[in-house]
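# Predicted model and sequence below, questions to follow.
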2 protein chains.
Amino acid sequence: MNNRSKILEVALDLFAMRGYDGVGVQEIVEGAGITKPTLYHYFGSKRGLLDSLLQEKFGLFNKIIKKSALYNHDLPLTINNLVESYFQFAKENSRFYRMKLSLFFAPPMSEASKAVDGFIKEQYKIIESLFIKASKDYGNMKGRHRSYAATLLGTINTYIRLSLEGEVDLNQELVRRVAHQFMHGIYS
Amino acid sequence: MNNRSKILEVALDLFAMRGYDGVGVQEIVEGAGITKPTLYHYFGSKRGLLDSLLQEKFGLFNKIIKKSALYNHDLPLTINNLVESYFQFAKENSRFYRMKLSLFFAPPMSEASKAVDGFIKEQYKIIESLFIKASKDYGNMKGRHRSYAATLLGTINTYIRLSLEGEVDLNQELVRRVAHQFMHGIYS
DNA sequence: GGAGCAGTATACCACTCGGTATATAAGGTG
DNA sequence: CACCTTATATACCGAGTGGTATACTGCTCC
């Protein structure tokens, strides 16, 4: 593995476990077996390193989500696919998802929060646009797209967090349950 | 206000907005209009300051939650009361709840996560014990207490976060909806 | 009135922080 | 070969970190 990838790898590990502010540049370069000028050569700054890390991971992630959220005039099925994609991605990228969760809930003025804000908003837009399209078939959704997107994402994150703690297994049955529970929430 | 309270006040503000790791001791004492030895006189260390802050706030918080979670053989009603208490507390202590959320999702090996861990576990136990008691009346809950507690708390936190972003209002109608949605989740 | 103690400030500590000036080595290109 | 670019290391920077040694003040209690 080249040095750039190695740095990203080590940074993800450390940020996920101890947080962006809790990890120093020195520790990252030691973990990667290189020196600081190498890191600054590739990423320019600590923040630049975080940005590159988020760019690479969210690039793939949001592409997957976008594909799953394509509306096919069957909302329950689309929700099911969406939940499944989230669970699948979280299973395959558990360290990244751990970091994503802590960044999502990071204090609003923290450096880390600013870095992740755009990517999170992108995910919101993807899910919102699903509900906007669906509202042509399902009439009773007026003005609630944002809140639907937020609660769906909230529910998904709750279960992914539980799985990171080893409390649940993100299997097909859970996908079905989460999707069903969410759809029921809309109609109640 | 005495200096001790002033320090706690300023620390809560700063930690909630920029995170424990993102705020230096110097900044806290400047905000409180005192000097470092005063802070170290009262709290011994930066971590001691965080511990005292959490102790004071969670002391009150968990007492309220414990009272609301007393089981009266009517689970839907108890859930309703519990959700209402969380919402009420979050409304009256929005800065603290903002900090609580970021600490709850803080990376597992971070200093802040260690500090909050015990208090969060206490909340979990309160809610778990509610479901354990209820399971004598409602048979189909075997072994799921932990997962019920986690998903209820997860749903509550999702809506409180939305309210902190100004997206929803934590009113009685929302309390009812959240409680209903959760109960439906149990029986599905 | 003197002793002791809580509370506070000045001035400092060693260390770590993010970041950089400079040099060197390797590899491709004219 | 000379030259440029990329990639890397040594050694350093000023500023900020959490934390403290010391001294002074004012209050309480014998």
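Great, that's in hand.
# Spatially, what comes nearest to the residue most central in space within chain A if we skip its sequence neighbours?
What sits nearest the mean C-alpha location of chain A, by C-alpha atoms, centre = their mean, is residue A:100, with 5.2 Å. The spatial neighbour of residue A:100 that comes closest, neighbours along the chain excluded (C-beta to C-beta, 6 or more residues apart in numbering or on different chains), is residue A:116 at 7.4 Å. (Each C-beta comes from the backbone N, C-alpha and C, glycine too.)
# now that neighbour: how far from residue B:97?
If you measure residue A:116 against residue B:97 using C-beta to C-beta, to the nearest Å, the figure is 20 Å.
# what does residue A:180 give?
Taking C-beta to C-beta as the measure, residue A:180 falls 30 Å from residue B:97.
# Of these two, which one has the most company?
It is residue B:97, of residue A:180 and residue B:97, that has more neighbours when counted by other C-beta atoms under 10 Å in any protein chain shown, with 23 against 17.
# Check whether that one really touches residue B:87, as I assumed.
No - taking C-beta atoms under 8 Å as the contact criterion, residue B:97 and residue B:87 are not neighbours in contact, 10.0 Å apart.
# so what sits against both of these two?
Taking C-beta atoms under 8 Å, 6 or more residues apart in numbering or on different chains as the contact criterion, the residues that touch both residue B:97 and residue B:87 are residue B:160.
# what's the burial count for residue A:152?
If we define neighbours as other C-beta under 10 Å, then residue A:152 has 24 of them.
# and chain A, which of its residues are near chain B?
A:15-19, A:21-22, A:98-99, A:101-102, A:104-112, A:146-147, A:150-151, A:154-155, A:157-159, A:161-162, A:167-168, A:177, A:180-181, A:184-185, A:188 (C-beta under 8 Å from any C-beta of the partner chain).
# Run through the residues that contact residue A:39.
When contacts are counted by C-beta under 8 Å, 6+ apart, residue A:39 is found next to A:7, A:25, A:28-29, A:32, A:49.
# can you give me the helices for chain A?
Along chain A, the segments classed as helices by DSSP state H run A:3-18, A:25-32, A:36-43, A:46-68, A:75-92, A:94-104, A:111-134, A:145-164, A:172-187.
# Now chain A against DNA strand C: closest residue?
Each residue of chain A has a distance to DNA strand C, by C-beta to the nearest atom of the strand, and the smallest belongs to residue A:24, at 2.6 Å.
# ok, that residue to residue B:33 distance?
Using C-beta to C-beta, residue A:24 is found at 31 Å from residue B:33.
# Run a quick neighbour tally on the spatially closest residue to residue A:185 that is not a sequence neighbour.
Nearest residue to residue A:185, sequence neighbours excluded (C-beta to C-beta, 6+ apart): residue B:181, at 4.6 Å. Using other C-beta under 10 Å, the number of residues around residue B:181 comes to 18.
# picking that back up, and the residue of chain A closest to DNA strand C, backbone torsions?
For residue A:24, the backbone dihedrals (degrees, to the nearest 10) come out as phi -90, psi 160.
# list the contacts for it?
The contact partners of residue A:24, taken as C-beta under 8 Å, 6+ apart, number zero.
# Show the pLDDT at it.
Per-residue confidence for residue A:24 comes out at a pLDDT of 97.
# do the same with residue A:188
69.
# quick one: the nearest residue to residue A:84 once chain neighbours are set aside and residue B:55, what's the gap?
Taking C-beta to C-beta, 6+ apart, and ignoring the residues beside it in sequence, residue A:84 has residue A:175 as its nearest neighbour in space, at 4.8 Å. With the distance defined as C-beta to C-beta, residue A:175 ends up 40 Å from residue B:55.
# out of these two, which sits in the busier spot?
Set residue A:175 next to residue B:55 and count neighbours by other C-beta under 10 Å: residue A:175 wins out with 22 against 12.
# Any figure for the gap between the more buried one and residue B:87?
Residue A:175 sits at a distance of 29 Å from residue B:87 (criterion: C-beta to C-beta).
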